[in-house]
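In: Next input, structure requested:
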Amino acid sequence: MTATGGTGNRAAKGTGDLPPETARLVQGLRGLRDRTGLSLARLAAETGYSKSSWERYLNGRTLPPRRAVLALCSLADEPPARLVALWELAARAGSTPPAPAAAEPPPTAHRLPRTPVMAGVALGCAVVAGLVVALWPGPGGSSAPAPRCHGAACDGRSPASTFCGLQLTTLATVHATGGAELDVRYSPRCETVWARVTQSQVGDRIDITVPGGHVRAAQVTDKLDAQAYVYTPMVSVGSAHDVRTCLTLARGGVRQCFTEHPPR
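Out: Model prediction:
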């Protein structure tokens, strides 16, 4: 972890000593912060919550305000449902002192990249949080952090941790039998594809592959996954003309497959 991307010595500690509800929230917050590539000082400037406050939030010593969670979701271009659900579980558990309201100013306006698919979700996050969304120049002045891999080097990796998911195209959205919604995502910068499922049931499974490539899969493991979403690791498209995505329902084992074509 770089000096600009790290959370500081205390925040970099593991979460094994935290209550499970707090640990899951902290892990989620750290993942989003790492995705943005922002230092604590920059994170404070972008959200209106102080550097010391973010240190406490990221090491689990203080439960962040809900609006701070929404602000970080917006900066990371992340749909807020899963993190808000984790925040609510931690808040109900009451295992971490809440942040003092007087010490937390409202978030400032954010400037971040937007993709057509994510705009509606991000706008909802912005409205709830009272944020103004425009174009955010990321570290180094670019519109988004440079991806950490390309092509075959991305195969099997996460689109979030590699920044491949920051500027994406949705090849297709399929409403499957049983109510689940399946999205096939493509990163022009990384030349990879992956699948995401929402409105699913615990036990549902998705997988994605290209001819001659590895099958990458993900499963809905709990109610939080079902309420939010899960996505597969990436598959490099290479010279492939077809992408095959399948959803296997937990109830009845029904398997539905779809074929899409990445742009060339």
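
In: Can you tell me the SS state at residue 257?
Out: strand (DSSP: H, G, I helix; E, B strand; the rest coil).

In: Okay, and the beta partners of it?
Out: residue 246 (DSSP bridges).

In: where's it relative to residue 208, distance?
Out: Using C-beta to C-beta, to the nearest Å, we find residue 257 at a distance of 10 Å from residue 208. Backbone N, C-alpha and C define where each C-beta goes, glycine included.

In: which neighbours do those two share?
Out: The contact sets of residue 257 and residue 208 overlap at 244-246 (C-beta atoms under 8 Å, 6 or more residues apart in numbering).

In: Scan those residues and report the most crowded one.
Out: Highest neighbour count within the shared contacts of residue 257 and residue 208, by other C-beta atoms under 10 Å: residue 245, with 27 neighbours.

In: can I assume that one is in contact with residue 258?
Out: Yes - shown here, residue 245 and residue 258 form a contact pair, counting by C-beta atoms under 8 Å, at 5.3 Å.

In: intersection of neighbour lists for these two?
Out: 174, 182, 184.

In: can you list the residues you listed in TSV and add pLDDT, distance to residue 154 and neighbour count?
Out: Formatted as TSV, the shared contacts of residue 245 and residue 258 follow (pLDDT from 0 to 100; distance: C-beta to C-beta, whole Å; neighbours: other C-beta atoms under 10 Å):
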residue	pLDDT	distance to residue 154	neighbour count
174	92	23	16
182	93	21	23
184	95	16	23
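
In: Relative to residue 62, which of those residues is nearest.
Out: Among the shared contacts of residue 245 and residue 258, residue 182 lies closest to residue 62 (C-beta to C-beta), at 38.0 Å.

In: Which residue ranges of this protein form strands?
Out: 110-111, 133-134, 169-175, 181-187, 192-198, 205-209, 216-219, 229-231, 235-236, 243-248, 255-260 (DSSP state E).

In: Among those strands, which one carries the weakest average confidence?
Out: Note on the strands of the chain: lowest mean pLDDT is at strand 133-134, with a mean of 27.

In: how many other residues sit next to the closest residue in space to residue 24 that isn't next to it in sequence?
Out: Of all residues not flanking residue 24 in the chain, residue 86 sits nearest, at 5.3 Å (C-beta to C-beta, 6 or more residues apart in numbering). Using other C-beta under 10 Å, residue 86 has 22 neighbouring residues.

In: ok now do residue 86, which residues does it touch?
Out: The contact partners of residue 86, by C-beta under 8 Å, 6+ apart, come to 21, 24-25, 28, 224.

In: what about it, distance to residue 59?
Out: Distance, residue 86 to residue 59, using C-beta to C-beta: 16 Å.

In: Likewise for residue 204?
Out: Taking C-beta to C-beta, one finds residue 204 at 34 Å from residue 59.

In: So these two - more neighbours on which side?
Out: residue 204 (24 against 21).

In: does the more buried one really touch residue 246, like I thought?
Out: No - between residue 204 and residue 246 there is no contact under C-beta under 8 Å: 11.0 Å.

In: wait, what's in contact with residue 219?
Out: 203-206, 230.

In: beta partners for it?
Out: Here residue 219 sits in beta bridges with residue 205, going by DSSP bridges.

In: Is residue 75 in contact with residue 38, as I believe?
Out: Yes - shown here, residue 75 and residue 38 form a contact pair, counting by C-beta under 8 Å, at 7.1 Å.

In: Provide the count of other residues in contact range of residue 154.
Out: Number of residues near residue 154 (other C-beta under 10 Å) recorded here: 26.

In: begin at 43 from here
Out: Got it, the first residue is 43 from now on, which makes the last one we talked about residue 196.

In: who's in contact with it?
Out: 189, 204, 206, 232-234, 276, 278.

In: can you rerun that using 10 Å?
Out: Listed by C-beta atoms under 10 Å, 6 or more residues apart in numbering, the contact partners of residue 196 are 189-190, 204, 206, 229, 231-236, 275-279.
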